[in-house]
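1. with the input below, show me the fold.
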Amino acid sequence: MEFADTYGDQFEKSLAWLILFDPNVIAEVPSDLFSSPSLKHLFNVRERLTTTQGGNVPSAHILVAELNRLNATTPETHVKKSIVDGAVILYTELESTPSPTGETTTYVLQKTHDFVKIRTAYAAVEACAEMVAAGKVDEAVARMMDVQEQTARVIPTNLGLDFSNFAAKIGRYKQTQTSTLNAPIGIPKIDQLMRGGLEPGTMGVFLAPTGRGKTLAMVNAGVVSLMAGIDVLHVTIGDVNEVNASLRYDARITHVPINDLAKNTNAHLQKIATATKSLLNARLMIKEYGADEVSILDLRNLLQNLERVRGFRPGLLLIDYADLMRVAGTGERYRELGTVYKQLRQVARDFNCAIWTGSQTGRKSFRATHVTVEDIWESLEKAQNADVMVSLCQTMNEKQRGLMRLLILKNRLGGHEGTMVDCKVRSEVQSLTQTMNQTSKGVVI
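-> Below you'll find the predicted structure:
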């Protein structure tokens, strides 16, 4: 079911449109991998014309002429007549269809190679089952070994950015500016240094000791993104359940303390309703898991199911927090955590969303004035895989006064590592705001 939903009819038509009509797409997909008989016929004709023309892909005019010729010469009684007819109709339909959206194009091109690998593997498995049933075990083994070689021959959809091609380069810059919506965290100075917020396809990490506001920072970022019209998925792992996480969001948007909302919900119904309506129709989904209960694969399945069942595809994914995700028990916690963060960043790319998560620091950071990369607990690979890393610095005196300093430890989106931003914290309403008067100086890290 998952395969059909991911690479179904609409995926195949979008892929076909890009191959046929987008001059920037150079992907070539074997015709027999399409499930639609008409698409198979269309691309089979295209393959044959390419071969007869010495490897040159036929123009639209030549392809249409050949499709029409085959349609005219195929007898009405022929078993393949409907397929030939369908190919002509399908080509006309695709030609008149508007180009896929930027988001759809990005998704289809990212998934094309997986589509080819999976379809090739499926065909090989079916063929091998027949070979094994016929006692041809060696042939079946050889057939499976050939799968990797077959998929490796598929031309990738993107051979890279040609830096010397000025027009193409500037086009890519502008496409990024218009097709992505960065997820802000509500701290203007940091958002500015991230070019407006965390970009889709990237991962940020809030670094802090326990009890210093990692969940608060994520809830605050979630609300700010919702107010910007970005759909948000908040995955809470371990201590905070779905109801408590939801109360935190309501406290943030209504400015009513969490405990008041929990104890006197009826008294604040109007405020909750009004504040919820102010979120520009952006949607928030909250999903809870126990510690060590959810893996990267579970997370991918959740994202796919939310899109399939509810039509929900988040622009911002909050993982509270990644250190508590389940991994294969190799016994090497350092490598295990590094793998989690590496795979989590790939999730951001595959689903074209921004990801913020939180990570714990060691005991010494409780008394530290500044929390740095050296305070990361268990695995430095967290920092290696993060695109942005911001530490939440707060002495006990600052905690009592509702103050906090945010320190940029890493920023692939705009540099300025060592920048410190003074903030005001109101934990009872999950609010984190930049103060007007900035007194903290930068830190050499």
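2. every contact and neighbour count from this point should use C-alpha atoms.
-> Noted.
3. mind naming the longest helix for this protein?
-> The single longest helix within the chain, with elements called by DSSP state H, is helix 102-133.
4. which of the residues in it are buried?
-> Residues of helix 102-133 classed as buried under the neighbour-count rule (16 or more other C-alpha atoms under 10 Å) are 105, 107-113, 115-121, 124-125, 128, 131.
5. again, but for stretch 373-388
-> By neighbour count on 16+ other C-alpha under 10 Å, the buried set for stretch 373-388 is 373, 375-378, 380-383, 385-388.
6. reformat the residues you listed as TSV; add secondary structure, pLDDT and distance to residue 52.
-> Listed next are those as TSV, based on DSSP: H, G, I helix; E, B strand; the rest coil; pLDDT from 0 to 100; distance: C-alpha to C-alpha, whole Å:
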residue	secondary structure	pLDDT	distance to residue 52
373	helix	84	60
375	helix	83	64
376	strand	82	61
377	coil	75	62
378	coil	73	60
380	coil	79	56
381	helix	81	52
382	helix	83	53
383	helix	82	53
385	helix	89	48
386	coil	92	49
387	coil	95	48
388	strand	96	52
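7. closest to residue 187 among the residues you listed?
-> Distance to residue 187, by C-alpha to C-alpha, is smallest for residue 388 among those, at 14.1 Å.
8. test of understanding: give the bridge partners of the closest one.
-> Assessed by DSSP bridges, residue 388 has beta-bridge partners residue 204, residue 411.
9. pretty sure residue 382 is touching residue 337, no?
-> Yes. Counting by C-alpha atoms under 8 Å, residue 382 does reach residue 337; the two are 7.2 Å apart.
10. the domain parsing of this protein - what is it?
-> Domain assignment for the chain, taken from automatic domain parsing, gives 2-152, 180-434.
11. quick one: mean pLDDT for the first one?
-> It refers to domain 2-152. Per-residue pLDDT over domain 2-152 has a mean of 82.
12. and that domain, how far out from the chain's middle?
-> Averaging C-alpha positions (C-alpha atoms, centre = their mean, to the nearest Å) puts domain 2-152 26 Å from its chain's average.
13. tell me who's in contact with the residue nearest to the spatial centre of the chain.
-> In the chain, the C-alpha nearest the mean C-alpha coordinate belongs to residue 351, at 2.5 Å (C-alpha atoms, centre = their mean). For residue 351, the contact set (C-alpha atoms under 8 Å, 6 or more residues apart in numbering) comprises 107, 201.
14. please repeat the previous calculation with a cut-off of 6 Å.
-> Going by C-alpha atoms under 6 Å, 6 or more residues apart in numbering, residue 351 touches no other residue.
15. what pLDDT does it get?
-> If you check residue 351, the pLDDT there is 90.
16. roughly how far does residue 225 sit from residue 29?
-> According to C-alpha to C-alpha, to the nearest Å, residue 225 stands 38 Å off from residue 29.
17. and the closest residue to residue 326 other than its chain neighbours, what does it touch?
-> Closest residue in space to residue 326, ignoring its immediate chain neighbours: residue 292 at 4.2 Å, by C-alpha to C-alpha, 6 or more residues apart in numbering. By C-alpha under 6 Å, 6+ apart, residue 292 lies in contact with 324, 325, 326.
18. top of these by number of neighbours, please.
-> Neighbour counts for the contacts of residue 292 (other C-alpha atoms under 10 Å) peak at residue 325, which has 23 neighbours.
19. how about residue 307: what's its closest non-neighbour residue?
-> Distances taken as C-alpha to C-alpha, 6+ apart place residue 313 nearest to residue 307, at 5.4 Å, with adjacent residues excluded.
20. just give the number of residues close to the one you found.
-> Applying other C-alpha under 10 Å, we find 21 other residues in the vicinity of residue 313.
21. is it in contact with residue 306, as I believe?
-> No. At 7.0 Å, residue 313 does not count as touching residue 306 under the criterion of C-alpha atoms under 6 Å.
22. spell out the residue ranges of the helices in the stretch 201-350 of the chain.
-> All helices of the stretch 201-350 of the chain, identified by DSSP state H, counting those that start in this stretch, fall at 214-227, 242-254, 258-263, 269-277, 296-310, 333-350.
23. any idea of the mean pLDDT in the fifth one?
-> Throughout helix 296-310, pLDDT has a mean value of 89.
24. same question for the first one.
-> Averaging pLDDT along helix 214-227 gives 96.
25. which residues touch it?
-> For helix 214-227, the external contacting residues (C-alpha under 6 Å, 6+ apart) are 183, 184, 185, 186, 279, 282, 358, 430.
26. quick one, it and helix 242-254 angle?
-> 60 degrees (axes from the mean of the first three to the mean of the last three C-alpha atoms, to 10 degrees).
27. angle of helix 214-227 against helix 269-277?
-> Going by the same axes, to 10 degrees, helix 214-227 makes 70 degrees with helix 269-277.
28. so how far is helix 214-227 from its chain's centroid?
-> In terms of C-alpha atoms, centre = their mean, the centre of helix 214-227 is found 18 Å from the chain centre.
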